[in-house]
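> Give me coordinates for this.
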Amino acid sequence: MKTGYSITTQRLGLRRWSGEDLLPFAEMNRNPEVMRYFPKKLSGRETEDFIGAIEKHFDNYGYGLYAADLLEKGVFIGFIGLYTATFESDFTPCPEIGWRLDPRYWGKGYATEGAAACLAKGFSSFSLREIFSFTSRINKPSIAVMKKIGLHYRKSFSHPRITESSELCPHVLYSLRKEEYASAN
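Residues are numbered from 1 along each chain as shown. Predicted coordinates for the structure are as follows:
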């Protein structure tokens, strides 16, 4: 069993990234099903750079997109965590909660379970005042997770880094303020 988890839930261990994560994560990022709601699939080099950026984010902020393991099997299943969104918008920079899982682990509640734990940690350990999440308007599975963890719809917007003619450009923004979280828990 792996150790060094920053967050554990009933079924998941969330931790910093290791060299063993690169190949399965690169495979995920090349999978058209996984990347359906993103502008493009990522190459192996882009995946490696992304992990490097995540690790730098951990060093700068104390939190980031955690590598997620299924505790029962000790297997890497993707990421769940917090990251600072910096594209140009009226709500950025902001802490964003997000997830990306291997399709073999979809539909089992892992994203919801891990995201709920990250939300709690973001408010309790990192003194975040509001946590955001956003996705393409057509990404119904992620919107469902946002609602399940208690985020509230705030608005629709066009993502500035996606071509306006793309079906992925129209986005929805959800968030949860610390006081909303406290009153619900």
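> does F79 sit in a helix or strand, and which one?
Following DSSP states H and E, one finds F79 within strand 75-85.
> just D69 next, same as before
strand 65-70.
> Would you list the phi and psi of the residue nearest to the spatial centre of the chain?
Among the residues of the chain, the one closest to the centroid is G98, at 1.7 Å (Cα atoms, centre = their mean). Main-chain dihedrals, G98, degrees, to the nearest 10: phi -150, psi 170.
> contacting residues for it?
For G98, the contacting residues are 65, 79-83, 133, by Cβ atoms under 8 Å, 6 or more residues apart in numbering. Using the backbone N, CA and C atoms, a C-beta is placed for each residue, glycine as well.
> of these, closest to P32?
Using Cβ to Cβ, F79 comes nearest to P32 of the contacts of G98, at 18.5 Å.
> wait, what's in contact with that closest one?
By Cβ under 8 Å, 6+ apart, the contact list for F79 reads 25, 54, 65-68, 98-101.
> how about the helices in this protein?
Ranges of helices in the chain, per DSSP state H, are 22-30, 44-61, 110-124, 140-148, 178-184.
> nearest to Q10, of those?
For the helices of the chain, the distance to Q10 is smallest for helix 110-124, at 7.0 Å, taking Cβ to Cβ.
> tell me what that closest one is packed against?
With contacts defined as 3 or more Cβ pairs under 8 Å, 6 or more residues apart in numbering; DSSP states H and E, helix 110-124 has these neighbours: strand 7-8, strand 12-15, strand 65-70, strand 75-85, strand 94-101, strand 130-136, helix 140-148, helix 178-184.
> Adding mean pLDDT and distance to S165, write the ones you listed out as TSV.
As requested, these are exported to TSV (pLDDT from 0 to 100; distance: least, Cβ to Cβ, whole Å):
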stretch	mean pLDDT	distance to S165
strand 7-8	97	39
strand 12-15	98	37
strand 65-70	98	29
strand 75-85	98	23
strand 94-101	98	25
strand 130-136	98	14
helix 140-148	98	21
helix 178-184	95	36
